[in-house]
Structures are given as structure tokens and as C-alpha cells.
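Student: Sequence and predicted structure, then a few things I'm wondering about:
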Amino acid sequence: MGTSKRLAQHYDMRAQHQAILAAARAGPLQPLTERELALREHPLTIYPQPYRMAQVWVRFGPEAVRVDAKLLRSTPLAAGVEFRTGERTFRCWVWGNAVSIED
């Protein structure tokens, strides 16, 4: 008996949401600081909708988790991303090498 791709995607999404919620209990979301971003020194690109999807490593306190996120903006070194879990929306800046663009 085969498995449904649609159900597999649903269970993957549920597992990711549970991982995000568990990591969020470990501590607050850890975005890059203004000093790390240095927005006055680097050009900023703001992407139009529809946003590109990416897989991104984010950190809640000491816990790192990989999430499916929208790429909203970037600098040569960092990326501004948004991701949702349930009713909560998270936005943060991460280092550029923490982002993998989906094709």
C-alpha cells in the first residue's frame, strides 16, 4: 500500500510546527543585532511579493531549528525572513549562510 504525498507534506508541516514550538519554549527568537546587520554600511534589497521560499536555520535561545520561511529582504551578509507556526508569525534577520533557497 502506497502513501499519499499530500499526507506526507501535512505530517512534515505538523512536525516542523511542533519543533518550532518546542524550540520557542527554550528561549526567545535570536535575531541578528543592529551592529551585526550594519544596515548603514551595506545595501538592502527588499523582495516583492510573491516572496521566495527558503529553508532557514533560526535559533530560539540555545535551540536551533530549520524552518520553511519567506525571504523578505537581504544584505550581502544577512537575510530577513518570516515564518509561521499556527497563529504565530515570526520575523528575524539571520546570517546569509543559514539560508537555502528552494527552487
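Tutor: Arrived safely.

Student: switch to C-alpha atoms for all contacts and neighbour counts from now on
Tutor: OK.

Student: Output the longest strand seen in the chain in PDB with nothing but the alpha carbons.
Tutor: Taking DSSP state E as the criterion, the chain has its longest strand at strand 63-74. Written as PDB, here are the backbone C-alpha positions of strand 63-74 (Å, rounded to 0.1, in the frame of the first residue of the first chain):
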ATOM      1  CA  GLU A  63      17.900  25.600  20.400                       C
ATOM      2  CA  ALA A  64      18.500  25.800  16.600                       C
ATOM      3  CA  VAL A  65      15.700  24.600  14.300                       C
ATOM      4  CA  ARG A  66      15.300  24.600  10.500                       C
ATOM      5  CA  VAL A  67      12.100  26.200   9.200                       C
ATOM      6  CA  ASP A  68      10.400  26.900   5.900                       C
ATOM      7  CA  ALA A  69      10.300  30.700   5.600                       C
ATOM      8  CA  LYS A  70       9.700  33.500   3.200                       C
ATOM      9  CA  LEU A  71      12.700  35.500   2.100                       C
ATOM     10  CA  LEU A  72      11.600  39.200   2.600                       C
ATOM     11  CA  ARG A  73      14.900  41.100   2.300                       C
ATOM     12  CA  SER A  74      18.600  40.700   2.300                       C
END
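
Student: T45 - how many residues pack around it?
Tutor: Neighbour count for T45, taken as other C-alpha atoms under 10 Å: 13.

Student: Spit out the contact partners of it.
Tutor: Shown in contact with T45 (C-alpha atoms under 8 Å, 6 or more residues apart in numbering): R73, S74, T75.

Student: coming back round to it: mind listing the strands the longest strand of the chain pairs with, and their directions?
Tutor: strand 45-46 (antiparallel), strand 52-60 (antiparallel), strand 78-85 (antiparallel) (DSSP bridges).

Student: Show me the one of those that comes nearest L29.
Tutor: Minimum separation from L29 across those (C-alpha to C-alpha) falls at strand 52-60, 4.3 Å.

Student: From the rest of the structure, what touches that closest one?
Tutor: With C-alpha under 8 Å, 6+ apart as the criterion, strand 52-60 contacts 23-31, 64-72, 94, 98-102.
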